[in-house]
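*Asks:* return atomic coordinates for the entry below.
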Amino acid sequence: MFPGFRTHDIEVADVIIHAAVGGEGPPLLLLHGYPQTHVIWREVAPRLARSFSIVAADLRGYGDSSKPPGKPDHSTYSKRAMARDQAELMRALGHERFFVCGHDRGARVAHRMALDHPGRVVKLAVLDIAPTKAMYEQTTMAFARAYHHWFFLIQRPPMPETLIGANPEAWLRHHMARRAGLEPFLPEGWPEYVRCFSDAAAIHASCEDYRAAASIDLEHDAESIAAGRKVECPLLALWGAEGVIELLFKPLDEWRKVATDVRGRALPCGHYIPEEAPDALLGELMGFFSA
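*Replies:* Residues are numbered from 1 along each chain as shown. Sure, this is the predicted structure:
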């Protein structure tokens, strides 16, 4: 899926992060979302590697990265901890300053990374999200119906873990295929997502990711806002024209509240932009990161 790339398992702090690395040029870190892995970038990363040194990493708790148990305050899976993992991964690979593109949960990690490591993130692209705090504060019935998993996964353990663990592939089908069908994930992606998500530790970790988003991450966001800290590097926001972000939010307005240099637009697809619209995404990323 990643011709010419090498795989690495690198210890950073208290976890091991798995990543596919390839290409030449300025370093670009790619971060996936829920409930996927770095494989989401399989249509985009090899072409980006013609111009950039690509690092496509699995977040802690996902794919083949470490999956430590969560703590009562959910700090193990705070976006601060997950961002620190990736910043240390890039340093271990010799990249002190770098570009970042994140989709879904990976975009939330990338947002926190740009706040916590401002001297290291040169440019930031976020795919199909608005800031976490804004989305929770603007929750409506329509949003709760469309993103019901946000409110299911944060329930006290082990209830969500037990229900999902009874049939992980059925949950993946419900969560992913209802949005896009299975076609964007076939043939290579789907078996890999099922393999990785069938691990009970991965199911628990992904629930902790969402529990952190509804608790400690909001505290960190509120602290950043109170301190007047914004994302200072150029930020590109892209979202699916057929998705919930387009329907229920004004993403550019929301990003301009928390970042100083924002541009972006909707792409002709749904939520899974790297798999539904890889050509359109490639054009946007090449233009943004090459400028």
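*Asks:* need the strands for the stretch 51-200 of the chain, in chain order.
*Replies:* In the stretch 51-200 of the chain, the strands defined using DSSP state E, counting those that start in this stretch lie at 53-57, 98-103, 121-127.
*Asks:* next, format the ones you listed as TSV and append distance to Ile154.
*Replies:* The C-beta positions use only the backbone N, C-alpha and C, and glycine is treated the same way. TSV is the format used below for these (distance: least, C-beta to C-beta, whole Å):
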stretch	distance to Ile154
strand 53-57	25
strand 98-103	21
strand 121-127	22
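*Asks:* what does the pLDDT read for the residue nearest to Arg173 when sequence neighbours are not counted?
*Replies:* In this structure, Arg173 finds its nearest non-sequential neighbour in Leu182, 7.5 Å apart by C-beta to C-beta, 6 or more residues apart in numbering. Leu182 is assigned 95 on the pLDDT scale.
*Asks:* wait, Leu182 touches Trp190, no?
*Replies:* Yes. Counting by C-beta atoms under 8 Å, Leu182 touches Trp190, with 6.4 Å between them.
*Asks:* what number of residues lie near Ser53?
*Replies:* 20 (other C-beta atoms under 10 Å).
*Asks:* could I get the contacting residues of the nearest residue to it once chain neighbours are set aside?
*Replies:* In space, and not counting its chain neighbours, Ser53 is closest to Pro27: 4.5 Å by C-beta to C-beta, 6+ apart. Applying C-beta atoms under 8 Å, 6 or more residues apart in numbering, we find Pro27 in contact with Phe52, Ser53, Val55, Met90, Leu93, His95, Arg97, Phe98, Phe99.
*Asks:* quick check: beta-bridge partners of the last one?
*Replies:* So the one you mean is Phe99. For Phe99, the beta-bridge partners are Leu28, Lys123 (DSSP bridges).
*Asks:* now for it: which residues touch it?
*Replies:* Pro26, Pro27, Leu28, Leu29, Phe52, Val121, Val122, Lys123, Leu124, Ala125, Phe289.
*Asks:* near the fifth one, how many other residues are there?
*Replies:* Right, Phe52. Quick note: Phe52 (other C-beta under 10 Å) scores 24 neighbours.
*Asks:* now do it, the pLDDT please.
*Replies:* Value for Phe52, per-residue pLDDT: 98.
*Asks:* phi, psi of it?
*Replies:* Dihedral angles of Phe52 (phi, psi; degrees, to the nearest 10) stand at phi -140, psi 160.
*Asks:* that one and Phe288 touch, don't they?
*Replies:* No. Using C-beta under 8 Å, Phe52 and Phe288 do not qualify as a contacting pair, with a distance of 11.6 Å.
*Asks:* where does Pro274 land in three-state SS?
*Replies:* helix (DSSP: H, G, I helix; E, B strand; the rest coil).
*Asks:* closest to the centroid, which residue in the protein?
*Replies:* Gly106 (1.4 Å; C-alpha atoms, centre = their mean).
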